[in-house]
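Asks: Below are the sequence and a predicted model; questions follow.
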Amino acid sequence: MNEEAYILSHIDEEDKQLAELYRKAHVRLLRPRMLAGHLQGRTLKMLVRMHRPQRILEIGTYTGYATLCLAEGLAEGGEIHTVEIDDEMEDFIREQFEQSHWNDKIRLHIGDVREIIADLDGWFDMVYIDGDKRDYCEYYDCVFDKVRSGGVILADNTLWNKKVWEEPHPNDKQTLGIIRFNEKIKQDKRIEKIILPLRDGLTVIYKL
């Protein structure tokens with residue numbers, strides 16, 4: 001038994017629908033590795049339970065797996081707005097949400113995240129960034145003023161398959177985007193931050 005297998009055998013099980021979603025994604029989609037998965041999904045739920053946000057914004061829905069985990073942790077009356085730019089994923093996503101116990105907490109938006117965020121009123125207590133890695137800095141700048149003081153921003157994939165401490169290829173825009181984001185976060189005095197070595201790296205940012 002390896003480390004991950006041991007961990008998975010000693011934490012909460014994932015919801016049956018999440019396990020089925022994971023299976024469907026590996027059968028029907030080209031990039032199933034992008035799913036959050038069991039360990040990260042339980043981590044996201046736990047972070048929501050601990051922070052107790054009322055409103056969450058997610059950038060990058062993909063299959064909706066992480067969305068469902070975030071929604072699962074929300075208290076009664078909480079809501080999550082999730083934004084996906086790929087309209088070809090909409091039918092798959094809506095199918096998952098409509099089958100879930102938490103559909104009433106979820107608001108799905110299809111389109112460019114910058115335009116959608118500009119139209120969303122009110123504050124967010126938590127933001128989960130898991131969109132195009134080239135645009136992480138821009139996402140961060142777009143959402144920062146919409147996050148309450150004491151709010152949390154989570155950024156996924158910030159270790160990016162261990163590429164961030166190697167010399168990137170000049171055409172590797174995804175890696176360059178993550179490196180720029182990590183440096184930006186490092187220098188930002190408005191926040192406290194830590195990178196958790198969870199799967200591909202999860203940065204937890206606390207807004208002062």
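Replies: Arrived safely, thanks for sending. This one's a predicted model, so the numbers in the text were calculated from it and none came from an experiment.

Asks: Tell me which other helices or strands the lowest-mean-pLDDT helix or strand in the chain touches.
Replies: Using mean pLDDT, DSSP states H and E, the weakest-scoring helix or strand in the chain turns out to be helix 16-28, at a mean of 87. Applying 3 or more C-beta pairs under 8 Å, 6 or more residues apart in numbering; DSSP states H and E, we find helix 16-28 packed against helix 37-51, helix 65-73, helix 90-98. Where you see a C-beta, it was placed from the backbone N, CA and C, and this is true even at glycine.

Asks: List the buried residues of that helix.
Replies: 18, 21-22, 25 (16 or more other C-beta atoms under 10 Å).

Asks: is it possible to export those to a markdown table including distance to residue 130?
Replies: Converted to a markdown table, the buried residues of helix 16-28 look like this (distance: C-beta to C-beta, whole Å):
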| residue | distance to residue 130 |
| --- | --- |
| 18 | 16 |
| 21 | 16 |
| 22 | 16 |
| 25 | 15 |
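
Asks: which residues touch residue 111?
Replies: For residue 111, the contacting residues are 83, 85, 87, by C-beta atoms under 8 Å, 6 or more residues apart in numbering.

Asks: Enumerate every residue touching the last one.
Replies: Meaning residue 87. Listed by C-beta under 8 Å, 6+ apart, the contact set of residue 87 reads 110-111.

Asks: For the chain, which strand extends over the most residues?
Replies: If you go by DSSP state E, the chain has its longest strand at strand 147-156.

Asks: tell me the angle that one makes with helix 37-51.
Replies: Going by axes from the mean of the first three to the mean of the last three C-alpha atoms, to 10 degrees, strand 147-156 is angled at 160 degrees with respect to helix 37-51.

Asks: What is the subsequent helix or strand relative to strand 147-156?
Replies: Per DSSP states H and E, strand 147-156 leads on to helix 173-187 as the next helix or strand towards the C-terminus.

Asks: buried ones in that following helix?
Replies: For helix 173-187, burial by neighbour count (16+ other C-beta under 10 Å) applies to 174-179, 181-182, 185.

Asks: Which one of these is nearest to residue 163?
Replies: If you rank the buried residues of helix 173-187 by distance to residue 163 using C-beta to C-beta, residue 175 comes first, at 4.6 Å.

Asks: Grab the nearest non-local neighbour of residue 74.
Replies: Sequence neighbours aside, residue 105 is the residue nearest to residue 74 in space, at 5.5 Å (criterion: C-beta to C-beta, 6 or more residues apart in numbering).

Asks: Let me know whether that neighbour touches residue 76 as I believe.
Replies: No: Residue 105 lies out of contact with residue 76 (C-beta atoms under 8 Å); the separation is 9.1 Å.
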